[in-house]
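In: how would this look folded up:
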Amino acid sequence: MIILERIIGLVKEQGRITTNDVVAIFGVHRTTAEKYLQIALVRGGFIRHGRCGVFRDQRAVIDYDLKRYSCNKTTGFSALPALERSDVGPYC
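Out: As a prediction, this is how the structure comes out:
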C-alpha cells in the first residue's frame with residue numbers, strides 16, 4: 001500500500017504525524033486516516049502519544065513535550081535551551 005509506506009516514511013523523516021496531517025496530505029476520510037495510522041503503528045514500531053499523534057520514538061515524544069510545555073517569559077514557548085539557562089528551574 002503506497003499510502004502506508006508514505007505515512008511510515010513521513011513519520012521517520014519528520015518525527016511525528018497526526019490524523020489531521022494524513023487527512024490533509026492524502027485527502028482521505030478521518031476514519032480511514034486513523035485506520036492507516038493504526039497499521040503504521042504496528043508496521044513501523046511507532047509510539048502513539050495520546051491525541052498528539054504518532055511519533056517515531058520516545059526521543060521525538062520528549063522533544064515534542066519539551067517544546068509544548070516549556071515557556072520563556074520573553075519569547076513564549078521554547079525548548080530545552082531555555083530550561084538550561086534558567087536558574088529558577090523549569091517553572092514559569
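
In: what does the longest helix anywhere in the chain contact?
Out: Ordering each helix of the chain by length in residues (DSSP state H) puts helix 30-44 first. Contacts with helix 30-44, where a contact means C-beta atoms under 8 Å, 6 or more residues apart in numbering, come from 3-4, 7-8, 11-12, 17, 19, 22-23, 26, 28, 46-48, 54, 56. Heads up, the C-betas are built off the backbone N, CA and C, glycines and all.

In: quick one: buried ones out of those?
Out: Buried members of those, scored by 16 or more other C-beta atoms under 10 Å, are 3, 7-8, 11, 17, 19, 22-23, 28, 46-47, 54, 56.

In: pull the most distant pair out of the residues you listed.
Out: Of all pairs drawn from those, the one with the longest distance (C-beta to C-beta) is V28 and I47, at 22.3 Å.

In: tilt between the one helix or strand G9 maps to and helix 30-44?
Out: Under the criterion DSSP states H and E, the helix or strand holding G9 is helix 2-14. Relative orientation of helix 2-14 versus helix 30-44 (axes from the mean of the first three to the mean of the last three C-alpha atoms, to 10 degrees): 70 degrees.

In: by contact count, what packs against helix 2-14?
Out: Using 3 or more C-beta pairs under 8 Å, 6 or more residues apart in numbering; DSSP states H and E as the contact criterion, the neighbours of helix 2-14 among helices and strands are strand 16-17, helix 19-26, helix 30-44.
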